[in-house]
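In: Next input, structure requested:
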Amino acid sequence: MMDKRLGAVFMLHGLGHLLGIDTHDPGGYPKGLDRPKEPGLCSLRTVRELKENMVITVEPGCYFISALLAPAMESSDTSKFFISEAIRRFMGFGGVRIESDVYLTSTGCKNMTNVPRKIWEIEAVMEGAKWPLEKGLHHSLNGMVNSH
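Out: Just a heads-up that it's a prediction; the model follows:
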C-alpha cells in the first residue's frame, strides 16, 4: 500500500505546515531541499528538519472522493487493497480533517489546540455546552451523550 501511495487516495493534502506570521508560513522548503514528486508526498508543505520553538500544524484527514477512489479500486495494481462494500458505505460522507497546532520543544511538542476530540465532548458541545466543558459535565448530562 505504501509503495502504491494509497494514502494519497484518502488524504490528498499535506500533513501539516509551518505557522508563524502567516497561516501557511513559508520556509518549508529551504534552499537545497526539493518538493517530492510522488503522489502523497508532493502535497507535503515541508521536508525541513523541525527545530525547537517552531510551530507546525498536524492535519491528518480521511476523504472519500469518487474521482480518486474509483480508479484506485478498479486498478489491477491496487484493487486488492480495498474492501469495496466498506468504501461504498462512506462515499456520500465526504471527509474529515483534524488539525492540531503544536509547539516544538527540546523534549517533544506541546499541543496548543484545545477543542473537543472525544465523541461525548463533541456531542455535548453540539447540544450547546460551553467549551471547555466543566469538570464532571459528562456525568450530569444524564445519558444525553455516551461517555467514551
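In: wouldn't Leu58 be in contact with Glu99 here?
Out: Check again: residue 58 is Val, not Leu. Yes - with contacts counted by CB atoms under 8 Å, Val58 reaches Glu99, the gap being 7.2 Å. Where C-beta positions appear, they are placed from N, C-alpha and C, glycine not excepted.
In: who's more crowded, the two?
Out: More crowded of Val58 and Glu99, by other CB atoms under 10 Å: Val58, with 15 against 12.
In: So for this protein, the centremost residue is which one?
Out: Pro60 (1.6 Å; CA atoms, centre = their mean).
In: Flag the helix or strand of the chain with the lowest per-element mean pLDDT.
Out: Least confident helix or strand, the chain: helix 137-140 with a mean of 58, by mean pLDDT, DSSP states H and E.
In: Could you grab the helix/strand/coil label for Cys62?
Out: strand (DSSP: H, G, I helix; E, B strand; the rest coil).
In: burial count for the residue lying closest to it once chain neighbours are set aside?
Out: The shortest distance from Cys62 to any non-neighbouring residue, by CB to CB, 6 or more residues apart in numbering, is to Phe10 (5.2 Å). Neighbour count for Phe10, taken as other CB under 10 Å: 17.
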